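# here is my input; please provide its structure:
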Amino acid sequence: MQAGYDAYLVGGGVRDLLLGRVPKDFDVATNARPEQIKEVFRNCHLIGRRFLLAHVRFGHETIEVATFRAAHTEDTEGQGAMEGGRITLDNVYGTLDQDAWRRDFTVNALYYNIRDFSVVDFSGGLQDLEAKVLRIMGDPVNRYREDPVRMLRAVRLSSKLGFSIDPATEAPISKFGYLLRGIPPARLFEEVLKLFFGGAAVQTFAQLKRYGLFTELFPLTARALTSEIANSFLSMALSNTDARVAIGKPVTPAFLFATLLWEPVRKGMLKRLDLSPLEAIQTSADLVLQEQSKRVMIPRRYLLQIEEIWTTQARFLTARGKRAKQLSENSRFRAAYDFLLLRVASGEELKRLGEYWTRVEQGGLTGTSVDEEECETPPTPEAVLPGPIEVTTQKRTRRRSPKKPPLI
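Numbers count the residues shown, from 1 in each chain. The predicted model follows:
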């Protein structure tokens, strides 16, 4: 403002303050162009191509600053592009009131003016905030076509805030879920984290299923959730995620995706009884992750952790003695162990295996190796494939080499 530009706090930070919630962060909207923002702040760098933003660093905090936007039909400065109704380049600059109508929902289109400490509301956002209604700005169909991710945001915010979705805003969501297939998988990875790490993962999951959006994000999982155990496992995992977020404990993308994709991996294992449990998991995991990447791209650093959580489930079946102790000392052990306990709690017949590894984890088994006599005998490796499965084994016969003819 000292440089002659207007600036307002906007978005979720203002919304949360008015709701009496602690804002996660604050965003700023201004009439200064990105390059002008960079001239004012030395500790600023510009990011993004589709939507150019300025990130201004203050100590350990980063303030996101966006220039006022306008509709692409307006005769304004900047660059914009649309393809099939979807915005592919969104750097068309405008005025404060034009920017308000480019926001996604009315409750996110509230501006806090630090000059006179007033709230600027162009769209009835204050009224919707009081009524706890989530209403999209403008025509819902057009706004979803411009950016289909807005449907995910509608689900996320309504679940997080406990708001109802305005009927006109809600109606097109079930019909236009397929538009998410046109969103880059890398962008959807970030959106999935926002969906499930916002403290309302259980409600969000229910809403995603209700509107058919979960199928668009995780098609293999949606088809695989056909049993009570599978649904219980995922519900418990998401409930635990919410509990950790509520008390400020860390949550990891690797564990989240390992639980979200476990059921199709588990079912894939059932089709590979000719392989060892470890080989069956590895083969099924490779296929599931390859197919999933077409919808939601998981960064490689998390893929390795996900695969380790899964493959350790097979190693739990065979590691005994010193090998069990070594496995328990692995840095990834805790995540895999927690995963195993979720499987046990959801109803998989792995109670003895869970008890065995609980003793190992707690150091309750004496000696340098695990003394199996101190607990019940763990189940056989076939137990990793749940359900009544008949496993036939053939007796291996040693092939004898033909006798050599005597030397004459």
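# and the protein, what are its domains?
Using automatic domain parsing, the domain parsing of the chain gives 1-138, 185-371.
# so which of the ones you listed is nearest residue 160?
domain 185-371 (4.8 Å; Cβ to Cβ). In this view, the C-beta of every residue, glycine as well, is placed from N, C-alpha and C.
# does residue 145 belong to a helix or a strand, and which?
Residue 145 belongs to helix 140-146 when assigned by DSSP states H and E.
# in that helix, what's buried?
140, 143, 144, 145, 146 (16 or more other Cβ atoms under 10 Å).
# and what of stretch 94-103?
94, 96, 98, 99, 100, 102, 103.
# pLDDT averaged over that stretch - what is it?
Averaging pLDDT along stretch 94-103 gives 90.
# end to end on that stretch, go ahead and measure it.
End-to-end span of stretch 94-103 (Cα to Cα, to the nearest Å): 13 Å.
# same check, this time on stretch 222-236
Taking Cα to Cα as the measure, stretch 222-236 stretches 17 Å from start to finish.
# so what's the backbone phi/psi at residue 116?
Note on residue 116: its backbone torsions stand at phi -130, psi 10 [degrees, to the nearest 10].
# mind checking how far it is from residue 38?
Taking Cβ to Cβ, to the nearest Å as the measure, residue 116 falls 28 Å from residue 38.
# quick one on the thing from earlier: and the buried residues of helix 140-146 as CSV, adding distance to residue 189 and pLDDT?
Converted to CSV, the buried residues of helix 140-146 look like this (distance: Cβ to Cβ, whole Å; pLDDT from 0 to 100):
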residue, distance to residue 189, pLDDT
140, 25, 96
143, 23, 94
144, 20, 96
145, 22, 94
146, 21, 90
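# let me know the closest of those residues to residue 284.
Ranked by distance to residue 284 (Cβ to Cβ), the buried residues of helix 140-146 are led by residue 144 at 34.9 Å.
# test for you: state the pLDDT assigned to the closest residue to residue 36 other than its chain neighbours.
Distance criterion Cβ to Cβ, 6 or more residues apart in numbering; nearest residue to residue 36, sequence neighbours excluded, is residue 5 at 7.1 Å. pLDDT for residue 5: 88.
# secondary structure element for residue 5?
Element membership of residue 5 [criterion: DSSP H and E] is none; it lies in no helix or strand.
# could you number the chain from 27 rather than 1 from now on?
Understood, numbering begins at 27; the last thing we discussed is residue 31.
# Provide the backbone phi and psi angles at it.
Per degrees, to the nearest 10, the backbone of residue 31 is at phi -110, psi 160.
# try residue 236
The phi/psi pair for residue 236 (degrees, to the nearest 10) reads phi -60, psi -40.
# ok, now how distant is it from residue 343?
38 Å.
# more neighbours: which of residue 142 and residue 64?
residue 64 (17 against 5; other Cβ atoms under 10 Å).
# which residues does the residue nearest to that one when sequence neighbours are not counted contact?
Spatially, and ignoring its direct neighbours in sequence, residue 64 is nearest to residue 70 (4.9 Å; Cβ to Cβ, 6+ apart). Shown in contact with residue 70 (Cβ atoms under 8 Å, 6 or more residues apart in numbering): 63, 64, 80, 81, 82, 83, 91.
# how close does residue 70 get to residue 91?
Using Cβ to Cβ, we find residue 70 at a distance of 8 Å from residue 91.
# neighbour count: residue 236 and residue 343, which is higher?
Higher neighbour count among residue 236 and residue 343: residue 343, with 20 against 13, using other Cβ under 10 Å.
# wait, that one sits on residue 302?
No: with contacts counted by Cβ atoms under 8 Å, residue 343 stays clear of residue 302, the gap being 9.6 Å.
# do a quick rundown of the strands in the stretch 77-226 of the chain.
When assigned using DSSP state E, counting those that start in this stretch, the strands of the stretch 77-226 of the chain occupy the ranges 79-84, 87-93, 104-109, 112-118, 136-139, 144-147, 159-160, 190-191.
# got the angle for the second one vs strand 79-84?
Computed by axes from the mean of the first three to the mean of the last three Cα atoms, to 10 degrees, the angle separating strand 87-93 from strand 79-84 equals 150 degrees.
# distance between strand 87-93 and the chain's centre?
24 Å (Cα atoms, centre = their mean, to the nearest Å).
# what does it contact?
Applying Cβ under 8 Å, 6+ apart, the contact partners of strand 87-93 are 33, 51-60, 63, 70, 77-83, 104, 119.
# weakest of the strands of the stretch 77-226 of the chain by average pLDDT?
strand 104-109 (a mean of 51).
# returning to what we had before: out of the buried residues of helix 166-172, which is nearest to residue 257?
Using Cβ to Cβ, residue 170 is the member of the buried residues of helix 166-172 that lies nearest residue 257, at 28.5 Å.
# in contact with the closest one, which residues are there?
By Cβ under 8 Å, 6+ apart, the contact list for residue 170 reads 176, 177, 198, 199, 202, 205.
# now the helices for the stretch 227-376 of the chain?
In the stretch 227-376 of the chain, the segments counted as helices under DSSP state H, counting those that start in this stretch are 227-236, 239-243, 245-250, 254-272, 279-286, 288-296, 303-318, 326-344, 348-354, 359-372.
# how about the last one, which residues are buried there?
Applying a neighbour-count criterion of 16+ other Cβ under 10 Å, one finds 359, 361, 362, 363, 365, 366, 367, 368, 369, 370, 371, 372 buried in helix 359-372.
# now those as CSV including pLDDT?
Shown next, in CSV, are the buried residues of helix 359-372 (pLDDT from 0 to 100):
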residue, pLDDT
359, 94
361, 95
362, 96
363, 96
365, 97
366, 97
367, 96
368, 96
369, 96
370, 96
371, 95
372, 95
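# could those residues go into a markdown table alongside distance to residue 379?
A markdown table is the format used below for the buried residues of helix 359-372 (distance: Cβ to Cβ, whole Å):
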| residue | distance to residue 379 |
| --- | --- |
| 359 | 14 |
| 361 | 17 |
| 362 | 12 |
| 363 | 11 |
| 365 | 12 |
| 366 | 7 |
| 367 | 10 |
| 368 | 13 |
| 369 | 9 |
| 370 | 8 |
| 371 | 13 |
| 372 | 14 |
